[in-house]
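> let me see the structure of the following:
(one chain, ligands or ions: 3)
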Amino acid sequence: MQTTTGMALHTDKYQINMMYAHWVNGTHNKKTVFEAFFRKLPFGNGYAVSAGLERIVHYIQALRFEEDDIAYLGEQEENYDPGFLEELRRFRFTGSLFAVREGTLVFPNEPLLRVEGRVFETQLIETALLNFMNYQTLIATKASRIKQIAGEDGLLEFGTRRAQEADAALWGARAAYVAGFDATSNMLAGKMFGIPTKGTHAHAWVQSFAEEEEAFERFAKALPGQVTLLVDTYDTLSSGVPNAIRIGKKLREQGKRLQGIRLDSGDLAYLSQQARIMLDAEGMEDVAIVASNDLDENTILNLKAQGAKIDTWGVGTQLITAADQPALGGVYKLVAREADGPQGDGAPRMEPTIKISGNPEKVTTPGRKDVYRIVDRKTGKAIADYICLTEGEKAPTGERLKLFHPVHSYLQKYVEGYDALPLLEAVFKDGEQVMELPALEEIRLFHKRQLALFWPQYLRKLNPEHYRVNLSETAWELKMSMIHAHTASETE
Ligand SMILES: Nc1ncnc2c1ncn2[C@@H]1O[C@H](COP(=O)(O)OP(=O)(O)OP(=O)(O)O)[C@@H](O)[C@H]1O
Ligand SMILES: O=P(O)(O)OC[C@H]1O[C@H](OP(=O)(O)OP(=O)(O)O)[C@H](O)[C@@H]1O
Ligand SMILES: O=C(O)c1cccnc1
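Ligands and ions are numbered 1, 2, ... in the order given. Below is the predicted model:
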């Protein structure tokens, strides 16, 4: 389930077969550089929220082929050579990982991960890395959209029962918390990650007693400090709310307080307004109204526009399954490889590599790259992201900088008076973890600060402005020369 040990086989068979073919050819220790990025933002959003790194780190730390993995591989129809299986027995990740921090706002075509190492290991981990990065980034992005609309209202993650199995529920709850949700209903997620947990009660609680009022009373007696009553089992306004008010009064007499009521069906705008009037008439202005029922950012926005009196939103299915776009299309592409032929005495000589496609959006950008967030010193706001090669050119340092659109090169501009914040940070170097992972609260805060770096037009839910990700001139020229070299050799 949530374990990251024993996950060496959490990969596609073609990775094992490529590892094998490299081993047979004696090329398995050749150095490679891969970068992971996505091409299209989900949900029509203006940004995505990076997530998944913590799990990636745990996965890499624990990456070993256990004896039962080796035995299973030995049974495959490929009939792998025992020498290869022996090599897998000794397998350890010896490469380097550079990654953007969880909670970072990220954009299409910029590397979120850069993995460097022997092709034997960089190829193996592709599947798991994309699996973790794509799902968690998707859910963090969906949660961030909901948070943008909910503002300072409470947000509870209720998705577990509808999630695509247990891992999705747990890591999805964490991704939602990173992006601004306040609590989860999933107790294991609370225990594992330290996310605050919250819960009301279900219709079954009310149904298990003859009378709704009795059910409320018994619940309040058992949990006097934590009473949020679900008021829609029979009839919200004629039964649920009046009964909740009666319990609220009793609690008040005991010096306690009814925390809230929960609405879970019907017209949530109308019912919340009426319930608010009824509660306020009894001096219960401090009793919160919680709403749930297939909510997402659109229904929440709509309900707010209708003047719904809802303080806290419980969001499940739509968030945890990213229902309107159930996958993020992140990819992992080879950008540099160890050159053939004799190597010098020092580090291996690397050369860029490109993937050509008839679709210009799918042509990869060759070379080992870094990405910087260019922030205007005067406004403190991000202007654009800037991708440049790690070798053969200078990282941006504040002087006049030419920005290039990576696909439409005629789109260019110059910027000055900026800070260039590097987004990719070293997480592993030569197999050793060099970054201490931040605590979850720190990640959440970091995400909040990230949002403050962007003008609101990039953050709005509907038709946001397009934030630019640019290539350095040198990276652009390398890409063009490699495209030309390939197309020229094709026409020869
Ligand atoms: N005032 C409103 N404006 C827009 N959408 C609303 C409003 N009130 C509720 N909704 C949403 O409309 C949908 C109503 O779905 P549905 O008709 O299945 O629920 P219901 O009949 O009220 O409850 P259930 O079938 O769960 O008992 C939900 O997604 C809910 O969040
Ligand atoms: O609607 P979601 O955003 O997924 O939130 C979680 C839902 O789970 C519970 O419902 P339950 O499982 O009892 O089903 P029902 O209310 O949909 O009948 C709760 O009452 C919410 O309606
Ligand atoms: O605590 C709740 O109200 C809750 C938890 C999970 C799913 N729906 C509601």
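> buried stuff in stretch 186-199?
By 16 or more other CB atoms under 10 Å, the buried positions in stretch 186-199 come out as N186, L188, A189, G190, F193, I195, T197, K198, G199. Yep, even glycine has a C-beta here, placed from its N, CA and C like the rest.
> so the third one makes contact with A166?
No. With contact taken as CB atoms under 8 Å, A189 and A166 are classed as non-touching, separated by 10.1 Å.
> of all the buried residues of stretch 186-199, which comes closest to L229?
G199 (12.3 Å; CB to CB).
> quick check: the gap between the closest one and ligand 3.
4 Å (CB to the nearest ligand atom, to the nearest Å).
> I'd guessed that residue sits against S185; true?
Yes. In terms of CB under 8 Å, G199 counts as a neighbour of S185; the distance is 5.5 Å.
> CA atoms only: put the stretch of helix or strand D167 belongs to into CSV for me.
Element membership for D167 (DSSP states H and E) is helix 165-178. Output in CSV follows, covering the C-alpha atoms of helix 165-178 (Å, rounded to 0.1, in the frame of the first residue of the first chain):
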residue,chain,number,x,y,z
GLU,A,165,-7.5,3.0,-4.1
ALA,A,166,-5.5,3.5,-0.9
ASP,A,167,-2.3,5.1,-2.2
ALA,A,168,-4.3,7.7,-4.1
ALA,A,169,-6.4,8.5,-1.0
LEU,A,170,-3.3,9.0,1.2
TRP,A,171,-1.0,10.9,-1.0
GLY,A,172,-3.9,12.8,-2.4
ALA,A,173,-4.8,13.9,1.1
ARG,A,174,-1.3,15.1,1.5
ALA,A,175,-1.2,16.9,-1.9
ALA,A,176,-4.5,18.7,-0.9
TYR,A,177,-3.0,19.8,2.4
VAL,A,178,0.1,21.2,0.6
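> what sits up against that helix?
1-2, 49, 51-52, 54-55, 102-103, 132, 135-137, 139-140, 143, 155, 157, 159-160, 163, 183-184, 186, 188-189, 192-193, 195, 319-321, 440, 443-444, 447 (CB atoms under 8 Å, 6 or more residues apart in numbering).
> mind listing the helices for the stretch 151-300 of the chain?
Remark: helices assigned in the stretch 151-300 of the chain by DSSP state H, counting those that start in this stretch are 165-178, 187-193, 203-207, 212-222, 241-253, 268-281, 297-305.
> among those helices, which is the most enclosed?
Stretch with highest mean neighbour count among these: helix 165-178 (a mean of 24; mean count of other CB atoms under 10 Å).
> near ligand 3 at all, that helix?
No. Helix 165-178 does not reach ligand 3 (CB under 6 Å from any ligand atom); its nearest approach is 10.8 Å.
> can you say which of the contacts of helix 165-178 are buried?
Here, 16+ other CB under 10 Å leaves 49, 51-52, 54-55, 102-103, 132, 135-137, 139-140, 143, 155, 157, 159-160, 163, 183-184, 186, 188-189, 193, 195, 319-321, 440, 443-444, 447 buried among the contacts of helix 165-178.
> looking at these, which are in strands?
V49, L155, E157, A183, T184 (DSSP state E).
> bridging residues for the second one?
Residues in a beta bridge with L155, per DSSP bridges, are W313.
> check the first one too.
Under the criterion DSSP bridges, V49 forms beta bridges with L105.
> list of residues touching the helix or strand bottoming out on mean pLDDT in the chain?
Least confident helix or strand, the chain: strand 401-404 with a mean of 85, by mean pLDDT, DSSP states H and E. Where contact means CB under 8 Å, 6+ apart, the residues beyond strand 401-404 that reach it are 374, 384, 386, 411-416, 418, 468, 470-473, 476.
> next helix or strand past it?
Using DSSP H and E, the helix or strand that follows strand 401-404 in sequence is strand 412-415.
> quick check: buried residues in that following strand?
Within strand 412-415, the residues that qualify as buried are V415, counting by 16+ other CB under 10 Å.
> next structured bit after it?
strand 418-422.
> need the mean per-residue confidence for that following strand.
Per-region confidence: strand 418-422 scores 97 on mean pLDDT.
> direction included, what does that strand pair up with?
strand 369-376 (antiparallel).
> tell me the helices and strands packed up against the next helix or strand after the strand it pairs with.
Heading C-terminal from strand 369-376, the first helix or strand you meet, by DSSP H and E, is strand 382-389. When contacts are defined as 3 or more CB pairs under 8 Å, 6 or more residues apart in numbering; DSSP states H and E, strand 382-389 packs onto strand 369-376, strand 401-404, strand 469-471, helix 473-491.
> format those as a markdown table; extra columns: mean neighbour count and distance to ligand 2.
Below are the helices and strands packed on strand 382-389 laid out as a markdown table (neighbours: other CB atoms under 10 Å; distance: least, CB to the nearest ligand atom, whole Å):
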| stretch | mean neighbour count | distance to ligand 2 |
| --- | --- | --- |
| strand 369-376 | 22 | 34 |
| strand 401-404 | 20 | 41 |
| strand 469-471 | 24 | 33 |
| helix 473-491 | 14 | 44 |
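> any chance of those in TSV, plus distance to ligand 1?
Below are the helices and strands packed on strand 382-389 laid out as TSV (distance: least, CB to the nearest ligand atom, whole Å):
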stretch	distance to ligand 1
strand 369-376	37
strand 401-404	42
strand 469-471	35
helix 473-491	46
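> between those, which one is nearest to A210?
A210 sits nearest to strand 369-376 of all the helices and strands packed on strand 382-389, at 61.3 Å, using CB to CB.
> the closest one vs strand 382-389, what angle?
160 degrees (axes from the mean of the first three to the mean of the last three CA atoms, to 10 degrees).
> could you give the angle of strand 369-376 to helix 473-491?
Going by the same axes, to 10 degrees, strand 369-376 makes 140 degrees with helix 473-491.
> show me what strand 369-376 is in contact with.
35, 100, 110-111, 114, 335, 381-390, 395-396, 401, 403, 415, 417-424, 453, 469, 475.
> got a list of what the closest residue to ligand 2 within the stretch 301-450 of the chain touches?
Of all residues in the stretch 301-450 of the chain, G316 sits closest to ligand 2, at 2.7 Å by CB to the nearest ligand atom. Neighbouring residues of G316 by CB under 8 Å, 6+ apart: E157, F158, G159, T160, R161, R162, S292, D294.
> ok, now which ones touch the closest residue to ligand 1 within the stretch 351-492 of the chain?
Nearest residue of the stretch 351-492 of the chain to ligand 1: K461, at 15.8 Å (CB to the nearest ligand atom). Counting by CB under 8 Å, 6+ apart, K461 makes contact with N45, R145, Q148, I149, E297, L301.
> residues from the stretch 251-400 of the chain in reach of ligand 1?
S265, G266, D267, L268, A269, N293, D294, L295, T299, N302, L303, Q306.
> need the phi and psi values for the third one.
Read it as D267. When quoted as degrees, to the nearest 10, the phi and psi of D267 stand at phi -80, psi 100.
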